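S.K.: pasting a predicted model and its sequence here:
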Amino acid sequence: MRTLLIIHVIGAAVGLVAGATALASAKGARLHRRSGKIFVAAMLTMSTSAIVLAVFRTQPLNVVAGLLTAYLVATALTTVRPRSAAMRRLDIGLMLGALVAGVVAIGLATGGEPGSRIPFLMFGLAGVLGSIGDLKTLRAGRLTRVPKIARHLWRMCLALWIATASFFLGPRARVEAVLPDVLVRTPLLIIPVLAVLAVMFYSLWRTKRGPRAQPAAV
C-alpha cells in the first residue's frame, strides 16, 4: 500500500503542475498540448491509485471521487479526439459509468455521515449532469468548435479543481508531509483552489464570446 500511496502522491503532484502549465499556456500551442498530455496521464494515475487505496481502506467517498475524476479527464480527452466507432463506444461506456457512480453517490449522500453528505452530493451531481451532457453530445454526433472547447475546458478544469482542493484542503497530515508548517496552517491554502475556478469561468466566458476568442484552456 505504501508504494501505491507514493504513486498516488507523485501522480497528484505532476498533475497539479501540468494542469497549471496547461492553463497558463496558449490553447493549441505545443506547450499546451504537451502539458495537457502529461496532465491526463498523471490524473488517471492518481485516480486509479486513489480508487484502489480507497477500496482496501473502505473509503466510499474516495472511490466515488476517484471514479468521477477519471471520468472527467477521460471525457475531456475524447471530446477533442477524432470521432470513430471505437471512440463512440468508449463515450457510451463512460457515460453509463458516470451515471451509475452519480446515482450511487447521491444515494450515499442521503444516508451517509453528515460530514460526507455534501461531497457525495457534489460528486453525484457531477456524474449525473455529466452523463446527461454526454447523451446530448452523442445525439449531436459532432460538436462545433465552441461547444467542443467548452466541454473539453470545463471537464479538465473541474478535474484539476478536485485534485487541487483535495491536496490543499484535504487531510492535514497529507499536506504537512509536503508543505512547510507556515503554509499548512494558513487560510491562504484556499487561494489555489479558488484560482482554478476563476480561470475556468473566465476561460469559458472567453470561449463563448465567439470563434475569435482564444481562452487559456486545459
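M.R.: Received it, and whenever you're ready, just let me know what you need.
S.K.: quick one: Lys148 and Met43, what's the gap?
M.R.: In this view, Lys148 and Met43 are 20 Å apart by CB to CB, to the nearest Å. For the C-beta atoms, the positions are set from N, CA and C on the backbone; glycine is no exception.
S.K.: okay, those two: which has more neighbours?
M.R.: Ranked by neighbour count (other CB atoms under 10 Å), Lys148 and Met43 place Met43 first, with 29 against 15.
S.K.: just checking, the more buried one touches Thr69?
M.R.: Yes. Using CB atoms under 8 Å, Met43 is in contact with Thr69, at 6.7 Å.
S.K.: all helices for the chain, in order.
M.R.: Across the chain, reading from the start of the chain, the helices by DSSP state H fall at 2-24, 30-56, 60-79, 85-111, 114-140, 145-169, 172-176, 181-184, 190-209.
S.K.: most tightly surrounded among the ones you listed?
M.R.: Compared across the helices of the chain, helix 60-79 shows the largest average neighbour count, a mean of 23 (mean count of other CB atoms under 10 Å).
S.K.: quick check: neighbours shared by Met43 and Thr69?
M.R.: Overlap of the contact sets of Met43 and Thr69 (by CB atoms under 8 Å, 6 or more residues apart in numbering) consists of 159, 163.
S.K.: may I see the helices of the chain arranged in CSV, with mean pLDDT as well?
M.R.: Conversion of the helices of the chain to CSV gives the following (pLDDT from 0 to 100):
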stretch, mean pLDDT
helix 2-24, 87
helix 30-56, 92
helix 60-79, 93
helix 85-111, 92
helix 114-140, 90
helix 145-169, 89
helix 172-176, 58
helix 181-184, 59
helix 190-209, 88
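S.K.: how about the residue most central in space within the chain, nearest residue that isn't a chain neighbour?
M.R.: Centre of the chain computed as the mean C-alpha position; nearest residue by CA atoms, centre = their mean is Ala159, 1.2 Å away. Leaving aside its sequence neighbours, Ala159 sits nearest to Leu72 (CB to CB, 6 or more residues apart in numbering; 4.1 Å).
S.K.: which residues touch the nearest residue to Thr21 once chain neighbours are set aside?
M.R.: What sits nearest to Thr21 in space, not counting adjacent residues and going by CB to CB, 6+ apart, is Ser35, at 4.0 Å. Ser35 makes contact with 18-19, 21-22, 25, according to CB under 8 Å, 6+ apart.
S.K.: change it to 7 Å
M.R.: Shown here is Ser35, whose contacts under the criterion CB atoms under 7 Å, 6 or more residues apart in numbering are 18, 21-22, 25.
S.K.: against Gly15, how distant is it?
M.R.: Spatial separation of Ser35 from Gly15 under the definition CB to CB is 10 Å.
S.K.: ok, Ala50 next?
M.R.: Here the distance between Ala50 and Gly15 works out to 11 Å (CB to CB).
S.K.: shared neighbours of the two, anything?
M.R.: With contacts taken as CB under 7 Å, 6+ apart, Ala50 and Gly15 have no neighbour in common.
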